[in-house]
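Q: okay, predicted coordinates and the sequence, questions at the end:
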Amino acid sequence: MGERVMMLVTSLPGTNEIEKNQTFLRQLFKGRKVPFVELDGADQSKKEERERLFAMSGKRGGYPQVFIEGPSGTSYVGDFVDVVGMADNEDYPPGDPRQKPAGRHLRPILQALPREGQGTPQGSLGK
């Protein structure tokens, strides 16, 4: 298996904002034809994996969070604000003052991932 996007989400969002943010990121990845899987942090059978991801991100209880999973391990990409900021930064050239802090772009992070129709199924973990 190659690398893939994994979103840590919750099926029991405490606020409408969390639900809206989860939906937005789903649409962002679908629009870019990037397959992703979801891990439901509210699923008690996935508690160990959820805790591992929270430890990696340093953001316990924050939803949604995005990770890249691959043969060499899992890496944290960012939370909703980080990922949307990276996507927004693509509208501006490097160094442009309108870029969000850190100037990171989402495209290079997603570039090496397989696209829909290339044999990597979109799905859900723990649902």
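A: Received the coordinates, thanks.
Q: how about the helices in this protein?
A: Along the chain, the segments classed as helices by DSSP state H run 16-31, 47-57, 80-89, 106-111.
Q: in the third one, what's buried?
A: Same thing as helix 80-89. Going by neighbour count (16 or more other Cβ atoms under 10 Å), the buried part of helix 80-89 is 80, 82-87, 89. (Glycine included, C-beta is placed from N, CA and C.)
Q: got it, and the second one?
A: Of all the residues in helix 47-57, those buried under the rule 16+ other Cβ under 10 Å are 49-50, 53-54, 57.
Q: a markdown table for these, including distance to Ser72 and pLDDT?
A: Below are these laid out as a markdown table (distance: Cβ to Cβ, whole Å; pLDDT from 0 to 100):
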| residue | distance to Ser72 | pLDDT |
| --- | --- | --- |
| Glu49 | 18 | 97 |
| Arg50 | 21 | 97 |
| Leu53 | 16 | 97 |
| Phe54 | 21 | 97 |
| Ser57 | 18 | 97 |
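Q: mind checking pLDDT for the residue most central in space within the chain?
A: With distances taken as Cα atoms, centre = their mean, the residue of the chain nearest its centroid is Val66 (2.3 Å). Note for Val66: predicted pLDDT of 97.
Q: tell me how far it lies from Ser11.
A: 17 Å (Cβ to Cβ, to the nearest Å).
Q: Lys59 too?
A: Taking Cβ to Cβ, one finds Lys59 at 18 Å from Ser11.
Q: same deal with Gly61?
A: For Gly61, the distance to Ser11 - Cβ to Cβ - is 14 Å.
Q: neighbour count for those two, which is higher?
A: Ranked by neighbour count (other Cβ atoms under 10 Å), Gly61 and Ser11 place Ser11 first, with 15 against 9.
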